[in-house]
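K.L.:
Below: sequence and its predicted model.
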Amino acid sequence: MKIFFNKRFEEEVLSNEKLRTTILICMLLFAVIYLITTIALDKNMLPINPDVESAVLLLVFHCALLVFEISTLLWINHKIKKQEFSIEIFNRYSSSFVEICSPGVIIFIMAKQYNSSATILHAPVVYVYFIFIILSTLRLDFRLSLFTGCMAAIGFFIISIVLIRESQVKNGNITASIEYTNAVAKSTVLFMCGIGAAFVARQIRITIDRSLTAAEEGNKIVNLFGQQISKEIVEEMLESEGTLQSKLMKVCVMFIDIRNFTAYVADKTPAEIVAYQNAFFEIVIKTITKHEGIINQFLGDGCMATFGAPVALKNPAHNGVKAAMEIHEELKKKVLEGKIVRTSVGIGIHIGDAVTGNVGTHERQQYSITGSVVILAARIEQLNKDYNTQILISEDVVKHMSHALPADSTFIGKVDLKGWHHPLGIYKIA
């Protein structure tokens, strides 16, 4: 479980790192295009009117940072492609350090354009620090966001001291105490923003952890109970908080019975019997699932399947008949391939209204399909022995089908079924 969470979380972190890097690339592209355009056309469009040397320095620095971020993005894509989701701690912190130092370099370059270098400390360029602090939350690492905030505060404070002292040398009439106070205040704000970003990153991480835990627990429940009952039933039970309300649905019920099963297992070991059952039911389960049916009950030498409950189908009769025919063909194919011993089955199918839902007490419940349709499907399956057939379906099934029956299908006639008050039309499919 822990290994699963770590892997999934590393995937999430790498995905967020890719998003963060992509955002930075887009911003840097805009900055580079803006610088190139304004320098080439009209330098007055810039926030300052730089000399050529400073303008080129700004452009070169932005291009270098852009190359760095593009290289990072290519490296991330390479790791994703190779399914390597972990990022070394050194790479994470070194990348963060390079990025958070970049606003300081930009401030230093732009400061040369003012008579008083400290003036740049009040310019909007200082807000670039906040962009990197905010984006650090996508790394989902408390310490890394805190590190980013600390480096931003320290970097801004150091460059503020340098520029204030330089301004004092160039222009002695600045009020150094006020400038130092502003530098301390802004550095403190950057540090506090780093703390806030760190807590946001931690909260996002906790939320993702909870989501992954809930998703894995849900999958575990579905997989665990899906081995005992249908996954469709499990999913509906989870949606309805464990209770499936009884309701009337149009369902197609199929009973499958292995012919001469008792005689076959008489001289077989338990391991041989289970191996045979597994081989047989693998065919049955795959085929029924393919045609949107579910296995309601395993009967040892057969099973009961339902089409149209708990998930309603547009034409359950059609799905049921197609599944029966495919099971018949798959069995013949596997016998010829030697993957299963010669096996003959009896399949009976009927359609009608049934009450579906949980039956039992609060301590013990079971999903059940109840109604005469179940009884009649079982009776029809038993008729295969009398008519030496393998697939029999009721006349009602034929009426509900959207496609015609196979060409070699035969109407057997009206048949009296045990416990039923009137004869039922029966068709032979195979």
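P.N.:
Everything's here; your move. Numbers count the residues shown, from 1 in each chain.
K.L.:
What ranges does the protein have for its strands?
P.N.:
Secondary structure of the chain by DSSP state E: the strands cover 247-258, 293-298, 302-307, 345-360, 365-370, 391-394, 410-415, 424-428.
K.L.:
pLDDT on the second one, on average?
P.N.:
In this model, strand 293-298 carries a mean pLDDT of 84.
K.L.:
just stretch 378-388 next, same as before
P.N.:
90.
K.L.:
What residues of that stretch count as buried?
P.N.:
378-381, 383-384 (16 or more other CB atoms under 10 Å). Every C-beta, even on glycine, is put in place using the N, C-alpha and C of the backbone.
K.L.:
can you check stretch 254-274 too?
P.N.:
254-258, 261, 264-265.
K.L.:
Lowest average pLDDT across the strands of the chain?
P.N.:
strand 365-370 - the lowest mean pLDDT of the strands of the chain, at a mean of 72.
K.L.:
one step back: Serialize the strands of the chain to CSV and add fields for distance to I208.
P.N.:
Below are those laid out as CSV (distance: least, CB to CB, whole Å):
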stretch, distance to I208
strand 247-258, 38
strand 293-298, 34
strand 302-307, 39
strand 345-360, 34
strand 365-370, 34
strand 391-394, 51
strand 410-415, 61
strand 424-428, 56
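K.L.:
Give me whichever of those is most buried.
P.N.:
strand 391-394 (a mean of 27; mean count of other CB atoms under 10 Å).
K.L.:
helices or strands up against it?
P.N.:
Under the contact criterion of 3 or more CB pairs under 8 Å, 6 or more residues apart in numbering; DSSP states H and E, strand 391-394 touches helix 316-336, strand 345-360, helix 372-387, strand 424-428.
K.L.:
and that strand, how far out from the chain's middle?
P.N.:
Distance, stretch centre to chain centre, for strand 391-394: 41 Å (CA atoms, centre = their mean, to the nearest Å).
K.L.:
which neighbours does it have in its sheet, and in what orientation?
P.N.:
Strand 391-394 has the following sheet partners, assigned by DSSP bridges: strand 345-360 (parallel), strand 424-428 (antiparallel).
K.L.:
got those strands as a markdown table, with distance to I89 columns?
P.N.:
Formatted as a markdown table, those follow (distance: least, CB to CB, whole Å):
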| stretch | distance to I89 |
| --- | --- |
| strand 345-360 | 52 |
| strand 424-428 | 71 |
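K.L.:
so how far is D396 from V373?
P.N.:
From V373 across to D396, the span is 9 Å (CB to CB, to the nearest Å).
K.L.:
So, low pLDDT: which residues of the stretch 151-300 of the chain?
P.N.:
171-174, 212, 214-245 (pLDDT under 70).
K.L.:
so where do the helices sit in it?
P.N.:
176-226, 231-239, 261-265, 270-290 (DSSP state H, counting those that start in this stretch).
K.L.:
who's in contact with R139?
P.N.:
Shown in contact with R139 (CB atoms under 8 Å, 6 or more residues apart in numbering): 13, 16-17, 20, 92, 96, 145, 201.
K.L.:
thinking again about what came up before, specify which member of the buried residues of stretch 378-388 is nearest to C63.
P.N.:
E381 (76.9 Å; CB to CB).
K.L.:
any idea how far that closest one is from Y180?
P.N.:
Counting by CB to CB, the gap from E381 to Y180 is 93 Å.
K.L.:
A354 touches C252, doesn't it?
P.N.:
No - contact between A354 and C252 fails when scored by CB atoms under 8 Å: they sit 9.8 Å apart.
K.L.:
related to what we said a few turns ago, what's the closest of the buried residues of stretch 254-274 to L417?
P.N.:
F255 (13.1 Å).
K.L.:
if I look at that closest one, how far off is E381?
P.N.:
Relative to E381, and taking CB to CB, F255 is found at 4 Å.
K.L.:
Overlap of the contact sets of the two?
P.N.:
With CB under 8 Å, 6+ apart, F255 and E381 have common neighbours 347-348.
K.L.:
mind checking how far K18 is from K290?
P.N.:
37 Å.
K.L.:
And those two? Which one has more around it.
P.N.:
For K18 versus K290, the count of surrounding residues by other CB atoms under 10 Å is larger for K18: 17 against 12.
K.L.:
Report how many residues lie close to the closest residue to that one other than its chain neighbours.
P.N.:
Leaving aside its chain neighbours, K18 sits nearest to I76 (4.8 Å; criterion: CB to CB, 6 or more residues apart in numbering). By other CB under 10 Å, 20 other residues sit near I76.
K.L.:
how close does I76 get to D416?
P.N.:
73 Å.
K.L.:
circling back to that earlier point, I'd like the buried residues of stretch 378-388 laid out as TSV, including distance to A309.
P.N.:
As requested, the buried residues of stretch 378-388 are exported to TSV (distance: CB to CB, whole Å):
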residue	distance to A309
A378	17
R379	20
I380	19
E381	19
L383	24
N384	24
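K.L.:
Pick out whichever of V373 and D396 has more residues nearby.
P.N.:
V373 (21 against 18).
K.L.:
and the gap between the more buried one and I133?
P.N.:
With CB to CB as the criterion, V373 and I133 are 66 Å apart.
K.L.:
Indicate which one of the strands paired with strand 391-394 is closest to T38.
P.N.:
Here strand 345-360 is closest among these (CB to CB), at 70.8 Å.
K.L.:
How far does the closest one sit from its chain's centre?
P.N.:
Per CA atoms, centre = their mean, the centroid offset for strand 345-360 relative to its chain is 34 Å.
K.L.:
Format the CA atom coordinates belonging to that strand as CSV.
P.N.:
Taking C-alpha atoms only, strand 345-360 is exported to CSV below (Å, rounded to 0.1, in the frame of the first residue of the first chain):
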residue,chain,number,x,y,z
VAL,A,345,-23.6,-27.7,-21.7
GLY,A,346,-27.2,-26.9,-21.3
ILE,A,347,-28.3,-23.2,-21.5
GLY,A,348,-31.8,-21.9,-20.8
ILE,A,349,-32.8,-18.3,-21.3
HIS,A,350,-36.0,-16.4,-20.4
ILE,A,351,-37.0,-12.8,-20.1
GLY,A,352,-39.4,-11.0,-17.9
ASP,A,353,-40.0,-8.7,-15.0
ALA,A,354,-38.1,-9.4,-11.8
VAL,A,355,-37.6,-7.7,-8.4
THR,A,356,-34.0,-6.8,-7.9
GLY,A,357,-32.2,-5.6,-4.8
ASN,A,358,-30.8,-6.6,-1.4
VAL,A,359,-32.5,-9.5,0.5
GLY,A,360,-31.7,-10.3,4.1
